[in-house]
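**Student:** I'd like to go over a predicted model; first the sequence, then the structure.
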Amino acid sequence: GSFGRMDWGSDDPFGRTPSFNVFPNLLTFRNGIDSKVMPWLGMALESWYASRLEDNTSTWTRMRYGMTIEERVNDKLTEMSLRDLVLDPEYRKMSHYALKSKGSFLFRMMESAADRDDIDALLAELFDKYRHGNVPGEEFVSLLSKRHGIDLPAIAAGWYDDIALPGFLMSPVEIYSFLDGEREKFQVRFSVTNNEDTDGLIQFTFQQMDLNVRGGRGGRMRRMMDATMTMGEDYSKYVPVKAGETKELGFVLTFQPSKLDINTLVSRNLPVLLNIDLPEKLEEQKKAVPFDGERLLDKPVSLVEPGETVVDNEDPGFTFSSGTSKSLLKRLIPRGEREEDIKYVGMRFWGGGTNKWQPTIDSKFYGNQIRSAHFISGGNGDLKAAYTAEMEKSGHYDIYFYVSRIEAPWRRHRGGDHDENYGKLHFLIYHDDGVEETELDLNGADDGWNYLGSYYISRGEAKIELTNESDAEKVIADAVKWVLR
């Protein structure tokens, strides 16, 4: 078991709740793996065991710091190798988490090739053989290859010295029910592409919600629990995706999943862990052909269809007018971490607002490898975010805005007493006849693409502006789309 305490007063982004798990420390005390070729192997094993006992980073951590420890480590590993990170004294604290993250990832890659129980059994055999001593790393590597066909040196190639991380693009998730005889089953299908030049690994976990905990009774604390409580049967699987590879994945489940967690582990993806809420009401497919497994596809995943032009907040066509978010007192008091060093900040629902567009990440946002948006407090319309694109053809264009309604955890699952006001968004749409002001009422909008109108736009530059004019607590600028009719 494990227990810990939350350090509410710390501003250290790496101040994770301490773990008091005994087993990884006992393992290190009783046994070690000694390898001259791979001297880091023992550390990697310990990290793998520790990761199996730790909980995922909470929503509170993201809201407070913007990026989790794993995400900051991965972002730094896109700039420098693990070796350089470990040897640089400036990153002393981060290097500890980098070693832990990449060490655990190495053994998870092995899990994708053999069952965890088989690896555990092999390790237990070696630990018993070399009780209170070091297991020869070369013997462990040899047995992995003979018994399970795992080429550990090949998996670990470049692990310490290369600057290379995979990056994944996921298609929308398709889910429906079907009858297998008299038993209802559930089909989940989607595709994934690894756009980078190095192999990667993804963990997919389906969770079943205990429907009895949904509802609005029990007060604030109960609602906070309802927002994150997941119970019932889970199903988890690791899927390796090689460099440049596209796979279609199919899962046939005996229970209806309410949530799909996609953990991209050590990758370029932000957030690292994607939480996909699945619908409660499903269509039944009478003539379904079940597909459980994976198959290679020739066509990579793309979020943009022919005739569409999309500008995301990560694209060069996105700009914004600046304000200031700090009071005089805050500007005079130094902080431990420079603001310019923080790539994505937390969208806090406490401690006052911000009158400056700031980047943040969340599973619900639009994006390729990075699902992000910019946000600002509702204001009087003096600060704008602009989306600019080059239209290749003149014509009538349907224009859409990507909506992601983000709530604080304690405001979710209120049932009948839901009183959240998402407010309205105020747009300026530039077209051949001038500039039109239009609004989008988020209280009646769906998450995803929402229609703003149709306009004639000549070939050349097209532009849409989103202002901070709103009675909502936050204005979120994500992505816009022009669709040629």
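**Tutor:** Yep, it's here.
**Student:** give me the low-pLDDT residue ranges for the stretch 201-350 of the chain?
**Tutor:** 209-233, 323-342, 349-350 (pLDDT under 70).
**Student:** what about the helices in it?
**Tutor:** Using DSSP state H, counting those that start in this stretch, the helices of the stretch 201-350 of the chain run over 219-228, 328-332.
**Student:** OK, contacts around M391?
**Tutor:** T309, Y397, I457, S458, R459, G460, E461, A462, W482 (CB atoms under 8 Å, 6 or more residues apart in numbering). C-betas here are computed from N, CA, C, even on glycine.
**Student:** wait, the fourth one sits on S394?
**Tutor:** If I follow you right, that is S458. Yes: using CB atoms under 8 Å, S458 makes contact with S394 at a distance of 4.5 Å.
**Student:** any weak-confidence spans in the stretch 51-200 of the chain?
**Tutor:** In the stretch 51-200 of the chain, residues with pLDDT under 70: 53-63.
**Student:** tell me where it has helices.
**Tutor:** Assigned by DSSP H, counting those that start in this stretch, the stretch 51-200 of the chain shows helices spanning 59-65, 69-77, 82-87, 92-111, 116-129, 137-148, 152-155.
**Student:** out of those, deepest packed?
**Tutor:** Mean neighbours per residue, mean count of other CB atoms under 10 Å, is largest over these for helix 69-77, with a mean of 22.
**Student:** longest strand of the protein?
**Tutor:** As assigned by DSSP state E, the longest strand anywhere in the chain is strand 183-194.
**Student:** buried stuff in that one?
**Tutor:** Across strand 183-194, burial judged by 16 or more other CB atoms under 10 Å covers K185, F186, Q187, V188, R189, F190, S191, V192, T193, N194.
**Student:** between the residues you listed, which is closest to D161?
**Tutor:** Nearest to D161, judged by CB to CB, of the buried residues of strand 183-194 is N194 at 20.7 Å.
**Student:** quick check: that closest one touching L165?
**Tutor:** No: if you go by CB under 8 Å, N194 and L165 don't touch, sitting 10.4 Å apart.
**Student:** give the residues shared as contacts by these two.
**Tutor:** Shared contacts of N194 and L165 (CB under 8 Å, 6+ apart): G200.
**Student:** what's the distance between N355 and D234?
**Tutor:** 43 Å (CB to CB, to the nearest Å).
**Student:** these two: which has the busier surroundings?
**Tutor:** Neighbour count, other CB atoms under 10 Å: between N355 and D234, N355 has more, with 17 against 14.
**Student:** what about L484, neighbour count?
**Tutor:** A total of 16 residues lie near L484 under the criterion other CB under 10 Å.
**Student:** how much space between it and N368?
**Tutor:** From L484 to N368 the distance is 21 Å (CB to CB).
**Student:** again, but for E294
**Tutor:** 21 Å.
**Student:** which one of the two has more residues nearby?
**Tutor:** Using other CB under 10 Å as the criterion, E294 and N368 rank with N368 on top: 21 against 17.
**Student:** wait, that one sits on M170?
**Tutor:** No: N368 lies out of contact with M170 (CB under 8 Å); the separation is 9.5 Å.
**Student:** closest one to P257 among the helices of the stretch 51-200 of the chain?
**Tutor:** Proximity to P257 (CB to CB) singles out helix 59-65 among these, at 19.7 Å.
**Student:** quick one: contacts for S322?
**Tutor:** S322 sits next to K356, W357, L383 when contact means CB under 8 Å, 6+ apart.
**Student:** follow-up on the earlier one: of the contacts of M391, which count as buried by neighbour count?
**Tutor:** Neighbour-count burial (16+ other CB under 10 Å) applied to the contacts of M391 gives T309, Y397, I457, A462, W482.
**Student:** now for the residues you listed, which pair is the farthest apart?
**Tutor:** Spanning the widest gap among the buried ones among the contacts of M391 are T309 and I457, at 10.1 Å by CB to CB.
**Student:** common neighbours of the two, please.
**Tutor:** Common neighbours of T309 and I457, using CB under 8 Å, 6+ apart, are M391, W482.
**Student:** ok, S454 touching I399?
**Tutor:** Yes: at 7.2 Å, S454 counts as touching I399 under the criterion of CB under 8 Å.
**Student:** in the stretch 351-485 of the chain, where is pLDDT below threshold?
**Tutor:** 351-352, 408-420.
**Student:** where do the strands sit along it?
**Tutor:** With DSSP state E, counting those that start in this stretch, the ranges of strands along the stretch 351-485 of the chain come out as 358-361, 372-377, 384-391, 395-403, 424-431, 434-441, 448-457, 460-467, 474-477, 479-484.
**Student:** would CSV of the ones you listed with distance to I33 be doable?
**Tutor:** Shown next, in CSV, are those (distance: least, CB to CB, whole Å):
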stretch, distance to I33
strand 358-361, 36
strand 372-377, 39
strand 384-391, 52
strand 395-403, 48
strand 424-431, 56
strand 434-441, 57
strand 448-457, 48
strand 460-467, 55
strand 474-477, 48
strand 479-484, 47
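**Student:** E314: which of those strands is closest?
**Tutor:** Closest of these to E314 is strand 372-377, at 6.0 Å (criterion: CB to CB).
**Student:** quick one: contacts of that closest one?
**Tutor:** Residues contacting strand 372-377 (CB under 8 Å, 6+ apart): 270, 313-314, 318, 320, 323, 344, 347, 353-362, 365-366, 383, 385, 404, 468, 473-478.
**Student:** again with stretch 461-471
**Tutor:** Contacts for stretch 461-471 (CB under 8 Å, 6+ apart): 309, 355, 376-391, 397, 399, 401, 421, 423-431, 475, 477, 480, 482.
**Student:** C-alpha coordinates for it, CSV please?
**Tutor:** Output of stretch 461-471 as CSV, limited to C-alpha atoms (Å, rounded to 0.1, in the frame of the first residue of the first chain):
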residue,chain,number,x,y,z
GLU,A,461,-6.0,36.3,-46.5
ALA,A,462,-9.0,35.4,-44.2
LYS,A,463,-9.3,36.5,-40.7
ILE,A,464,-11.4,35.9,-37.6
GLU,A,465,-11.0,37.6,-34.2
LEU,A,466,-12.2,36.5,-30.8
THR,A,467,-12.4,39.2,-28.2
ASN,A,468,-12.4,38.9,-24.4
GLU,A,469,-15.9,40.5,-24.3
SER,A,470,-17.9,38.0,-22.2
ASP,A,471,-19.7,37.6,-18.9
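**Student:** thank you kindly, that will do.
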